[in-house]
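In: Quick one: sequence plus predicted model below, questions after.
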Amino acid sequence: DGGITQSPKYLFRKEGQNVTLSCEQNLNHDAMYWYRQDPGQGLRLIYYSQIVNDFQKGDIAEGYSVSREKKESFPLTVTSAQKNPTAFYLCASSIGFQPQHFGDGTRLSIL
Amino acid sequence: AQTVTQSQPEMSVQEAETVTLSCTYDTSENNYYLFWYKQPPSRQMILVIRQEAYKQQNATENRFSVNFQKAAKSFSLKISDSQLGDTAMYFCAFRNPASGGSNYKLTFGKGTLLTVNP
């Protein structure tokens, strides 16, 4: 079955450490997205990518970085510059006018 | 910039009854899409229903229907014959297709936590 796979499900970060969240899709979707979800905040867009080797900042990009070297993959790196990284992170993808499909998410916590 | 407002942080309903979740949005665009997503305790985001702004007819998906009032910029979700499995966080989302290409960013409301009681 086609879908979006996010890994790991749970991730812990030490102070000053960069961590990378994986997002892989086999839906042949062009666009991919990263959202951050905090309690009472809904989902906020971090980065998005329309095509390979191209991506744009969303509403809360500071402290995060991404790459899009392959159509299927859109990893998110949470850098040490992100001072409050504890949150639930959701990856999504879409094609054309179709709705976005979401992965199951990664919960990131600080040690 | 578009904004989406869900004014009910929490709601509850008895099993088999009907409940309506509210959503308002602000945009100067004429052509756009609206969505309701459901997020159960598993945290998976599931599309419930969608509405194209150019369609006057309200969308319906089984027990789920919307009341789309374009002039009022209102997009409420009605759940009929509520079931225990409907317990979830519900998010209203706006998408402006004029963003270009295949990149259609979503703007989400803060969500309404719905609890269905037995």
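Out: Received, thanks.
In: Which residue lies nearest the spatial centre of chain A?
Out: Centroid-nearest residue in chain A, with Cα atoms, centre = their mean: A:Trp34, separated by 3.2 Å.
In: That residue reaches A:Thr77, doesn't it?
Out: No: A:Trp34 is beyond contact range of A:Thr77, at 10.4 Å (criterion: Cβ atoms under 8 Å). Backbone N, C-alpha and C define where each C-beta goes, glycine included.
In: Looking at chain A, which residue is nearest chain B?
Out: Closest approach between chain A and chain B, counting by Cβ to the nearest Cβ: A:Phe102, at 3.7 Å.
In: Pull up the overlap in contacts between A:Trp34 and A:Thr77.
Out: Taking Cβ atoms under 8 Å, 6 or more residues apart in numbering or on different chains as the criterion, A:Trp34 and A:Thr77 both touch A:Leu21, A:Tyr64, A:Val66.
In: which parts of chain A sit against chain B?
Out: Residues of chain A lying close to chain B by Cβ under 8 Å from any Cβ of the partner chain are A:29-31, A:33, A:40-45, A:48-51, A:56, A:58, A:88, A:90, A:92, A:94-97, A:99-102, A:104-105.
In: filter those to the buried ones?
Out: By neighbour count, with 16 or more other Cβ atoms under 10 Å in any protein chain shown, the residues of chain A next to chain B hold A:29-31, A:33, A:42-45, A:48-50, A:58, A:88, A:90, A:92, A:94, A:99-102, A:104-105 as buried.
In: Return the subset of those lying in strands.
Out: A:31, A:33, A:42-45, A:48-49, A:88, A:90, A:92, A:94, A:101-102 (DSSP state E).
In: in stretch B:87-97, what counts as buried?
Out: The neighbour-count check on stretch B:87-97 (16+ other Cβ under 10 Å) flags B:Thr87, B:Ala88, B:Met89, B:Tyr90, B:Phe91, B:Cys92, B:Ala93, B:Phe94, B:Arg95, B:Asn96 as buried.
In: Find the pair from these with maximum spatial separation.
Out: The span of the buried residues of stretch B:87-97, defined through Cβ to Cβ, is set by B:Thr87 and B:Asn96 at 31.0 Å.
In: The buried residues of stretch B:87-97: which ones sit near chain A?
Out: Contacts with chain A are made by B:Phe91 out of these, judged by Cβ under 8 Å from any Cβ.
In: Would you mind giving the buried residues of stretch B:87-97 as CSV with secondary structure added?
Out: Below are the buried residues of stretch B:87-97 laid out as CSV (DSSP: H, G, I helix; E, B strand; the rest coil):
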residue, secondary structure
B:Thr87, coil
B:Ala88, strand
B:Met89, strand
B:Tyr90, strand
B:Phe91, strand
B:Cys92, strand
B:Ala93, strand
B:Phe94, strand
B:Arg95, strand
B:Asn96, coil
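In: Turn the buried residues of stretch B:87-97 into TSV, including pLDDT.
Out: Listed next are those as TSV, based on pLDDT from 0 to 100:
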residue	pLDDT
B:Thr87	97
B:Ala88	97
B:Met89	97
B:Tyr90	98
B:Phe91	97
B:Cys92	97
B:Ala93	95
B:Phe94	93
B:Arg95	90
B:Asn96	80
